[in-house]
Every structure is written in structure tokens, then in C-alpha cells.
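**Student:** have a look at this fold, sequence not included:
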């Protein structure tokens, strides 16, 4: 039975491990991003970067997903791509090469669609899309052992965060 909020919407209150895997109810888990998390784009990028740098890609995904859902229509695919990038990294950490490659390529496609104009919020779209594609290709060719920690901590913004 799924956890639900007062309005009946599904919520997952189960604790999670560092890579977002559900733990049994009552287990000690990692601190989660609140369901009602809302932040300005610069703050969301900085928090997602902090989480990626701390090897918490699942949690970065939650921050980026909240930004995606709150973004203006013109930016939604970009934020969705960023969230998918973090999910791709989560799949790497969980040992799922197929899921990693799928999400990294989806992320690259969405992010790259913003490469022809100045990217919103200084997001490093060209670098991120290229890195996601290259990582997916490397995983497919050489496996997860070819992934370095630095591959999972790209700079989201061309600006210093």
C-alpha cells in the first residue's frame, strides 16, 4: 500500500539509502528533499551541484525534478533533462548499466535542444549533453568499471555555484 498525503496523492515516505533505494519502513535512511521543495533556479542549481559533489545523485534528481515541475514551459525540457542526468548517475551507482545509458541519452537529447541559444541560468548545456552521451557510449562499450567519480560530478552551470 502506497503512502498518500491528505489529498490522496501518492507519496513515498519510506526511508531511502544514499542512492535512493527504498529501505523498510522504520529503517534509518538518508535525509530526503521535501515533497514541497521550491527554490529559485540559481538556488536549485547550486543545491543539485552540492548533492552531486557529495555523491547523492538521487537527491540531486529530486531537487532538479522540483525545478522542472515549477519551471516555465519554455524551460521544462531542460530541467527534465537535468533531472534525467542525475537519474542516469543514480543508475550508475546502483549498478544498472542499461538504465544508466537510457537515462543519460534521454538527458543529452533534452539538454542539447537548448544549445542553439544562450542557455537559461547559465546552464552548461553543450558540455552536459556531450558528457552524458560520451559517458553512455563508454558504459555501453566498457561497462560500469570505466566510470570515474568525476564523470558523475559535472559542472551544471558555466557560472561558479
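**Tutor:** Cool, the structure landed. Just so it is clear, the model here is predicted, and its values are computed rather than measured.
**Student:** for the rest of this, base every contact and every neighbour count on C-alpha atoms.
**Tutor:** Will do.
**Student:** I figured residue 39 hits residue 67, correct?
**Tutor:** Yes. Look at residue 39 against residue 67 with CA atoms under 8 Å: they come within range, at 7.1 Å.
**Student:** those two - which one has more neighbours?
**Tutor:** Each of residue 39 and residue 67 has its neighbours counted (other CA atoms under 10 Å); residue 67 has more, 25 against 15.
**Student:** ok, now how distant is the more buried one from residue 154?
**Tutor:** 18 Å (CA to CA, to the nearest Å).
**Student:** would you map the strands across the protein?
**Tutor:** Secondary structure of the chain, counting by DSSP state E: strands at 3-4, 10-11.
**Student:** which one of those has the poorest average confidence?
**Tutor:** Here the lowest mean pLDDT among these goes to strand 10-11, at a mean of 62.
**Student:** need the contact list for residue 124.
**Tutor:** 155-158 (CA atoms under 8 Å, 6 or more residues apart in numbering).
**Student:** lowest pLDDT pick from those?
**Tutor:** residue 158 (77).
**Student:** just the buried ones among the contacts of residue 124, please.
**Tutor:** Among the contacts of residue 124, those classed as buried by 16 or more other CA atoms under 10 Å are 155-157.
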